[in-house]
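Q: 3D model of this:
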Amino acid sequence: MGNPSLPLEARAAKIRVLALDVDGVLTDGRLHFDRDGDAGKSFSVRDGFGLRLLREAGIQLAIITGRSSGSVRARASELGIARVLEGVKDKAVALRELAHNCGVDLDAVAYLGDDWPDLTALQIAGLAAAPADAEPDVRAICHWVSSRRGGQGAVREFAEILLEWRGQRNALLAHYRDGHGRSAG
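A: Predicted coordinates for the structure are as follows:
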């Protein structure tokens, strides 16, 4: 995680890529199975809008998940997230490859995760973040922990604080106040 004493604002200034886990981060972690055994997930529109704001601010977005799901691919497509890494066994390896493919160092990558499979990625990310209901061992190593739960606004809160730390929040808000913003996420 680089220099552990680096202030959050300095970490945030370097971020060019945000990678997210899905279950427990973009969703509340519950799976809904239909009669054919296909899993459905519920996503927060507010979280989606937060991700749109990050894209507007020039942050590249990616999903790194251990599961494979049509609902994740559909949601990623709606949000313009082209990099969706599914069925990932080692998230640190995936995060390193993502950084390389995006042309950035790991200190320019933020990662938002909630459970033990995310630990290796969180340990190497330039900015490690978690929802309020992440596992205690995950929260303990993160630079920032949301006051909101996964799937219930944690991603939106992270997006806004990241934009604030980067000095971009007020300009984006003014853009929307002036009626020039796009529709919700």
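
Q: could you measure the residue nearest the centre of the chain against Gly126, distance?
A: For the chain, the residue lying nearest the average C-alpha position, counting by C-alpha atoms, centre = their mean, turns out to be Leu20 (3.4 Å). From Leu20 across to Gly126, the span is 15 Å (C-beta to C-beta, to the nearest Å). Bear in mind the C-beta positions are built from the backbone N, C-alpha and C, glycine included.

Q: which ones are touching the residue nearest to the centre of the chain?
A: Counting by C-beta atoms under 8 Å, 6 or more residues apart in numbering, Leu20 touches 26, 61-64, 111-113, 155.

Q: at 7 Å what do you get?
A: Taking C-beta atoms under 7 Å, 6 or more residues apart in numbering, we find Leu20 in contact with 26, 63, 112, 155.

Q: for Ala130, see how far away it is.
A: For Leu20, the distance to Ala130 equals 11 Å [C-beta to C-beta].

Q: and the contacts of the stretch of helix or strand Ala10 belongs to?
A: Counting by DSSP states H and E, the element that carries Ala10 is helix 8-14. The list of residues contacting helix 8-14 from outside it, by C-beta under 7 Å, 6+ apart, reads 107-108, 126-127, 143-144, 162, 165-166.

Q: what is the most widely separated pair among these?
A: Spatially, the most separated pair among the contacts of helix 8-14 is Ala108 and Trp144, at 16.2 Å (C-beta to C-beta).
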